[in-house]
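> just the structure for this:
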Amino acid sequence: MKLLIMGPPGVGKGTQANRIKSKLNIAHLSTGDILRAEIEKRTVTGVQAKLYMDAGKLVPDQVLLDIIQNRIKNPD
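Predicted coordinates for the structure are as follows:
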């Protein structure tokens, strides 16, 4: 099963995702969490993303997709 929860900041996406995750015993992947983790690890894509974020710009789709592709390789 694949679910996608979208919405602006502060509307409860994370809260609802955690409830669904617990109920269905599935993984919860948050692009924001993944992005922050990559920046903290100082990966190549994390550094690229931080440059955009520090400039007040949106992270380009390709950079975000690269980060997500790396994360979904994990077995969970």
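> for the residue most central in space within the chain, which residues are in contact?
Closest residue to the average C-alpha location of the chain: T31 at 1.1 Å, with Cα atoms, centre = their mean. Residues in contact with T31 (Cβ atoms under 8 Å, 6 or more residues apart in numbering) are 64, 67-68. Where you see a C-beta, it was placed from the backbone N, CA and C, and this is true even at glycine.
> kindly report the same for R19.
With Cβ under 8 Å, 6+ apart, R19 has no contacts at all.
> helix or strand for it, just tell me which one.
helix 13-24 (DSSP states H and E).
> ok now that helix, how far from the chain's centre?
Chain-centre distance of helix 13-24: 15 Å, with Cα atoms, centre = their mean, to the nearest Å.
> and if you look at stretch 54-65?
Using Cα atoms, centre = their mean, the offset of stretch 54-65 from its chain centre is 12 Å.
> quick one: contacts of stretch 65-76?
Stretch 65-76 is contacted by residues 27, 29, 31, 34-35, 38, 43, 45-46, 49 when judged by Cβ under 8 Å, 6+ apart.
> need the buried ones from those residues selected in PyMOL.
To isolate the buried members of the contacts of stretch 65-76 in PyMOL, using 16 or more other Cβ atoms under 10 Å:
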select buried, resi 34+35+38+45+46+49
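> list the contacts of stretch 40-56.
35, 37-39, 58-60, 63-64, 66-67, 70.
> the helices in this structure, which residues?
13-24, 31-41, 44-54, 61-71 (DSSP state H).
> those helices into a markdown table, with extra columns for mean pLDDT and distance to G7?
Shown next, in a markdown table, are these (pLDDT from 0 to 100; distance: least, Cβ to Cβ, whole Å):
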| stretch | mean pLDDT | distance to G7 |
| --- | --- | --- |
| helix 13-24 | 93 | 5 |
| helix 31-41 | 91 | 12 |
| helix 44-54 | 93 | 20 |
| helix 61-71 | 89 | 17 |
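> need the contacts of stretch 65-76 in JSON lines (columns: distance to N74).
Below are the contacts of stretch 65-76 laid out as JSON lines (distance: Cβ to Cβ, whole Å):
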{"residue": "A27", "distance to N74": "8"}
{"residue": "L29", "distance to N74": "9"}
{"residue": "T31", "distance to N74": "15"}
{"residue": "I34", "distance to N74": "10"}
{"residue": "L35", "distance to N74": "15"}
{"residue": "E38", "distance to N74": "13"}
{"residue": "T43", "distance to N74": "14"}
{"residue": "T45", "distance to N74": "15"}
{"residue": "G46", "distance to N74": "16"}
{"residue": "A49", "distance to N74": "19"}
